[in-house]
Every structure is written in C-alpha cells, then in structure tokens.
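In: just to be clear, the model below is a prediction. Sequence and coordinates:
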Amino acid sequence: MMKPVYFNAGGILNMMRKKQPQNAAAMPVARPASHRRMRNSRTLILMSLPAVIYFLVFCYLPMPGAYIAFTDFNYHAGIFGSRFVGMNNFKFLWKSGKLWLLTRNTILYNLAFIALGNLLQIFIALLLNEVRLKWFKKLSQSLMFLPYFISDVLVGLLAFDILNSDYGFLPSLIRAAGGAVPDFYSNPGAWPPIIILTNLWKSTGYGSIVYFATICGMDVSMMEASQIDGANALQRIWYILLPNLRPTVVILVLFSIGGILKGNFGLFYNLVGSANAALLPNTDIIETYVYRTLMNQFNFPYSTAVGLYQSVFGFIIIMIVNGIVRKIEPDYALF
C-alpha cells in the first residue's frame, strides 16, 4: 500500500517570499524619460509660458479673421456670414497694379536697408576694434546707440523741421545761398534716399554694436600671432576678422530676409504720412496701404488680402533662402 504524499504548501510559500524582495512595495516606479525631462525643465517651461501665451493670444487666435480676405465683408452679416468671393479681392489688387507696386517698394527698401545697413555696421565695428582709447570706444558706442531709442514720431517731426519748404532748416540754407528751394513734400523722387538715410541713422548704431561684440568674443591669440608675424591692420581684417564675422552676418541677414516683406510702418508713416498722394508711388509699402485702406476707407477685404499675401509670401521667401543656406553651409541655417 502506497503512503500518502503530503504537500507542504507553507514551505513553498516561504521560499517564494524569500525570492521576492522584502520591500517590493517601497521600490520606486520607473517613469518615462519624457516625464523626467519635463520635470527637470519645469523652470524653463514656466519662464517661456508668458511668451507662449502671448503668441497664442495675439498671433494664432486672430488667424481665423484672415477669412475676410475671401469675402465681400458685411458688417451686419459678420465674418463668416458674409458672401464668399474666393480670390476676387486678390485678383482686383493684382490687376490694378497695386499689389505689384506695394511688393516692389517694400522689397527694394528692405534690400537697401539690409545691404547698406550691414556694410555700414560691419565697417563701424571694424573701426571701433582698431581704436585703442577705451573712453572713446564707450563714448562713440553710446552716441551711435542713442538714435535707436528715438521715437519714430519724433524722427518725423525732426524731418519736417528740416525739410519743410517754408521754414525748414535745409530750405532756409538753400534760400540764403540764393538757390532754388525744393519742395520735398511734393517730389516723390527725393524720398527714397531720405528714407534710407533716416533708417541707417537709426539702426546703424545697434547693428554695429552687435558686430563689435562678436569681434570682442574672438580668440585674442589669433590677433596677437598675426601682429607678431607682421600683418598690418587691413590683413588682420581681411584674413581674421571678416571670416570670423561670417556666421553672425549670415544669421542676421537671414533674419532680415525673413521680414523682407515687413516694412517699417512707424518710420514711413511718420516721415511721409498716409494722405500725401503725390508721394505714394515711391513711398507706399504694404503696411501703410493696409493702414490706409482699413482706417481711412474701412475696406476690410482688401486690407486683409494684402496682409495675408504678405505673410504667405514672406514665409515662402524665408523657406527658400534657408534651404539655400542649408545646402551651402548647414551650420548657418536657421532650421
């Protein structure tokens, strides 16, 4: 007769308990890597939160209003209740020549600002680098930086006091010299150089300090070695400073090209105004046209159409230019 086999369940349970960790419940639960990164970066996230909210409220929430560009807007019907007209507003602006005029003026002015501005800023930064008197460097930087903070309204008043044909400073000098006094505010050909020079006067100081700061951050040993080898100032500039300035130049130019369809409304409006029809062929840019059609004519569809065209076309330009830079110098591309 076979003996019964007794199953020791208690011993097996004790063995299983020994194999399991005593403090299994107290062991920390592994969290995803993304959660840990967010927890470690919570300070940076909180610091960037105001900027994110700002862009959401003022840049992205108003975007549905761009639908006005495709409607025959009616105040009583509202934005989405107005009659849909498709691309008719854009067609009218293009056939009338207004869209081409605004695009031409805005791009040509900005190209002049970018090209002449960067050349002048680099030139001044290189001159400041060659100056050895520290007090003169600080004084010159302060004086050059001052126009950047002057309001465009004040700039417009100063320009009017200088150029006004009745009592302006420049016409008074011409009148005293016996010359023919020009009427600047009825001569559209005189305003492109006036606007370009005014913009250079305001922005050159800021840009030159940016380039000068880049030069100050360069390795001093290269300059000292070149001086020991007998290189003169022009050789140091051409072979050391300018090549090291190239990344900064490329990035600043890329940012400027990204806003090539964005005109300086404050400068143009306060210098020229929006009601002088004689000057509009040479001074009317996208921003001044949008303001005039919206505030003076209450034409919401045309102003919205031009603004939407400006945004889309500007986005295409920056994508094309950034793609070209990425193929030539990938390290200098914005994205």
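Out: Cool, got the structure.
In: nearest residue to N299 in space, please, no chain neighbours.
Out: T293 (4.5 Å; Cβ to Cβ, 6 or more residues apart in numbering). Where you see a C-beta, it was placed from the backbone N, CA and C, and this is true even at glycine.
In: isn't the one you found right up against P301?
Out: No - with contact defined as Cβ atoms under 8 Å, T293 does not reach P301; the gap is 9.2 Å.
In: from the chain's centre, how far out does stretch 229-237 sit?
Out: Per Cα atoms, centre = their mean, to the nearest Å, the displacement of stretch 229-237 from the mean C-alpha position of its chain is 35 Å.
In: span of that stretch from start to end?
Out: 15 Å (Cα to Cα, to the nearest Å).
In: before we move on, the earlier item: does the residue nearest to N299 count as helix, strand or coil?
Out: helix (DSSP: H, G, I helix; E, B strand; the rest coil).
In: same check, this time on the one 4 residues further on
Out: Three-state secondary structure (criterion: three-state DSSP) places Q297 in coil.
In: do the same with G81
Out: Criterion first, three-state DSSP; result for G81: strand.
In: so what's the residue nearest to it when sequence neighbours are not counted up against?
Out: For G81, ignoring the flanking residues on the chain, the nearest one in space by Cβ to Cβ, 6+ apart is N74 at 7.3 Å. Listed by Cβ atoms under 8 Å, 6 or more residues apart in numbering, the contact set of N74 reads 81-83.
In: send me stretch 193-200 as PDB with only the CA atoms.
Out: Taking C-alpha atoms only, stretch 193-200 is exported to PDB below (Å, rounded to 0.1, in the frame of the first residue of the first chain):
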ATOM      1  CA  PRO A 193      17.300 108.400 -50.300                       C
ATOM      2  CA  ILE A 194      15.700 110.300 -47.400                       C
ATOM      3  CA  ILE A 195      14.000 107.300 -46.000                       C
ATOM      4  CA  ILE A 196      17.100 105.000 -46.500                       C
ATOM      5  CA  LEU A 197      19.400 107.600 -44.800                       C
ATOM      6  CA  THR A 198      17.000 108.000 -41.900                       C
ATOM      7  CA  ASN A 199      16.700 104.300 -41.400                       C
ATOM      8  CA  LEU A 200      20.500 103.900 -41.500                       C
END
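In: after the longest helix seen in the chain, which helix or strand is next?
Out: Ranked by residue count, the top helix of the chain under DSSP state H comes out as helix 98-130. Sequence order places helix 134-145 as the next helix or strand after helix 98-130, per DSSP states H and E.
In: tell me the spacing between L146 and I209.
Out: 12 Å (Cβ to Cβ, to the nearest Å).
In: of the two, which one has the most company?
Out: More crowded of L146 and I209, by other Cβ atoms under 10 Å: I209, with 19 against 11.
In: and that one, which helix or strand is it part of?
Out: helix 191-216.
In: got the angle between that helix and helix 134-145?
Out: 140 degrees (axes from the mean of the first three to the mean of the last three Cα atoms, to 10 degrees).
In: if you count neighbours, what's buried in helix 191-216?
Out: 191, 194-196, 198-200, 202-205, 207-209, 211-212, 214-215 (16 or more other Cβ atoms under 10 Å).
In: low-confidence ranges in the protein?
Out: Within the chain, the ranges that satisfy pLDDT under 70 run 1-33.
In: which residues sit against stretch 302-322?
Out: So stretch 302-322 is contacted by 65-66, 68-69, 89-90, 92-93, 99, 102-103, 254, 257-262, 286, 289-290, 293-294, 333-335 (Cβ under 8 Å, 6+ apart).
In: how about stretch 222-231?
Out: 235-236, 239-240.
In: so T214 sits right up against R246, yeah?
Out: No - T214 lies out of contact with R246 (Cβ under 8 Å); the separation is 10.1 Å.
In: contacting residues for L279?
Out: 185-186, 188, 191, 272.
In: nearest residue to it other than its sequence neighbours?
Out: Per Cβ to Cβ, 6+ apart, closest to L279 is P188, 4.8 Å.
In: wait, the one you found sits on T283?
Out: Yes - with contact defined as Cβ under 8 Å, P188 reaches T283; the gap is 6.9 Å.
In: what sits against the residue nearest to L279?
Out: 278-283.
In: one step back: ok, the residue nearest to N299 - how many residues close by?
Out: T293: 20 neighbours (other Cβ under 10 Å).
In: contacting residues around it?
Out: 299, 302-303, 306.
In: before we move on, the earlier item: buried subset of the contacts of stretch 222-231?
Out: Buried among those by 16+ other Cβ under 10 Å: 236, 240.
In: and the contacts of stretch 222-231 as JSON lines, adding distance to G266 and secondary structure?
Out: Converted to JSON lines, the contacts of stretch 222-231 look like this (distance: Cβ to Cβ, whole Å; DSSP: H, G, I helix; E, B strand; the rest coil):
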{"residue": "Q235", "distance to G266": "42", "secondary structure": "helix"}
{"residue": "R236", "distance to G266": "39", "secondary structure": "helix"}
{"residue": "Y239", "distance to G266": "41", "secondary structure": "helix"}
{"residue": "I240", "distance to G266": "38", "secondary structure": "helix"}
